[in-house]
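[1] model this:
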Amino acid sequence: MKLDDSNFHPHLRARMLQRGVIKEEIERVLNDGWEVADAKSGTLGKALVFSHKGNWEGKYFEEKDVRVYYKFVNDEFTLLTVKARYGKDFQKRGEIK
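    Below is the predicted model:
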């Protein structure tokens, strides 16, 4: 899936900036991520863990877990929000911890 500017409403862009997520990461999550169970009813979500190996808000983190929430309205794809957690040893698809 390739996204264009029309997919990113101002609220979503603000959340991306606030949470350190870029467009290319959202595309990777949508294309390569796995479905998440914490999406609200009527909403879909996917997650993907990225190697980060850098600083975020003054602290070093190995990984970044990015979650993208979206829905289809009248068969039209709508991005709702994006979340990011920074840390290490996040559960990956298929792993049991």
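
[2] quick one: contacts for the residue nearest the centre of the chain?
    The structure's the chain has its C-alpha centroid closest to R67; by Cα atoms, centre = their mean the separation is 3.0 Å. Shown in contact with R67 (Cβ atoms under 8 Å, 6 or more residues apart in numbering): V29, V36, D38, G45, K46, A47, V82, K83, A84. From N, CA and C alone the C-beta is placed, and that goes for glycine too.

[3] ok, K88 next?
    F61, E62, E63.

[4] give me the element the second one is part of.
    Think E62. Taking DSSP states H and E as the definition, E62 sits inside strand 59-73.

[5] now the residue nearest to H11 when sequence neighbours are not counted: how far from K2?
    Nearest residue to H11, sequence neighbours excluded (Cβ to Cβ, 6 or more residues apart in numbering): T81, at 7.8 Å. Distance, T81 to K2, by Cβ to Cβ, to the nearest Å: 20 Å.

[6] compare those two (neighbour count), which wins?
    T81 (15 against 8; other Cβ atoms under 10 Å).

[7] in this protein, which spans are strands?
    34-35, 44-56, 59-73, 76-87 (DSSP state E).

[8] which residue sits farthest out from the middle of the protein?
    Most peripheral residue of the chain (Cα atoms, centre = their mean): N74, 23.0 Å.

[9] distance check, it against W34.
    N74 is 26 Å from W34, by Cβ to Cβ.

[10] what sits closest to F8 if chain neighbours are left out?
    Nearest one to F8, counting by Cβ to Cβ, 6+ apart, is L79 at 6.9 Å.

[11] so what's the one you found up against?
    Here L79 is in contact with L3, N7, F8, H9, L12, I26, V68, Y69, Y70 (Cβ under 8 Å, 6+ apart).

[12] now do the first one against K59, distance only.
    Computed with Cβ to Cβ, the distance linking L3 and K59 is 29 Å.

[13] same deal with the last one?
    If you measure Y70 against K59 using Cβ to Cβ, the figure is 29 Å.
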